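Undergrad: Sequence and computational prediction follow.
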Amino acid sequence: QVQLVESGGGLVQAGGSLRLSCAASGRTFSSYLVGWFRRAPGRERELVAGISSANTTYYLGSVKGRFIISRDNAKNTVYLQMNSLSPDDTAVYYCAARLTYTQIIFTTESHYNYWGQGTQVTVSS
């Protein structure tokens, strides 16, 4: 069993930056695929960025060049650095994980077994 706790959300002005953290407890995190999802009001939850256990990465098209996902296995933590934020990035951001030994990054939420409680990110114009 893995418990995930997100932190780092908040209110920021357009053009600003935030760094989200996803801390895992219960198991060694290094063998897990980790994804950052978000759900904006009235929209489906979507994968924003993912990182495999082999450190391959995936980014949603609209965040490429602005967001960076990384992991520190020694700290059992995955980060999402978000730069050049816009109001369109306003959403609840969720960390999700799946035990896997491949480089595949699943983009649908049904492939992820463990979820955090979410952290609100609000970008003002």
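TA: Here it is on my side, so go on.
Undergrad: can you tell me the average pLDDT over stretch 87-100?
TA: The average pLDDT within stretch 87-100 is 96.
Undergrad: Run through the strands of the protein in chain order.
TA: Ranges of strands in the chain, per DSSP state E, are 3-7, 10-13, 18-25, 32-39, 46-51, 57-59, 67-72, 77-82, 91-99, 114-115, 119-124.
Undergrad: could those strands be laid out in TSV, adding distance to T107 and mean neighbour count?
TA: Heads up, the C-betas are built off the backbone N, CA and C, glycines and all. What follows is the strands of the chain, written out as TSV (distance: least, CB to CB, whole Å; neighbours: other CB atoms under 10 Å):
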stretch	distance to T107	mean neighbour count
strand 3-7	18	17
strand 10-13	26	13
strand 18-25	17	20
strand 32-39	8	25
strand 46-51	5	22
strand 57-59	7	17
strand 67-72	13	18
strand 77-82	16	22
strand 91-99	11	21
strand 114-115	15	17
strand 119-124	20	17
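Undergrad: who does the residue most central in space within the chain bridge with?
TA: Computing the C-alpha centroid of the chain and ranking residues by CA atoms, centre = their mean puts W36 first, at 2.0 Å. Applying DSSP bridges to W36 yields these beta-bridge partners: A49, C95.
Undergrad: so how far is R66 from L18?
TA: 11 Å (CB to CB, to the nearest Å).
Undergrad: any common contacting residues for these two?
TA: M82, L85 (CB atoms under 8 Å, 6 or more residues apart in numbering).
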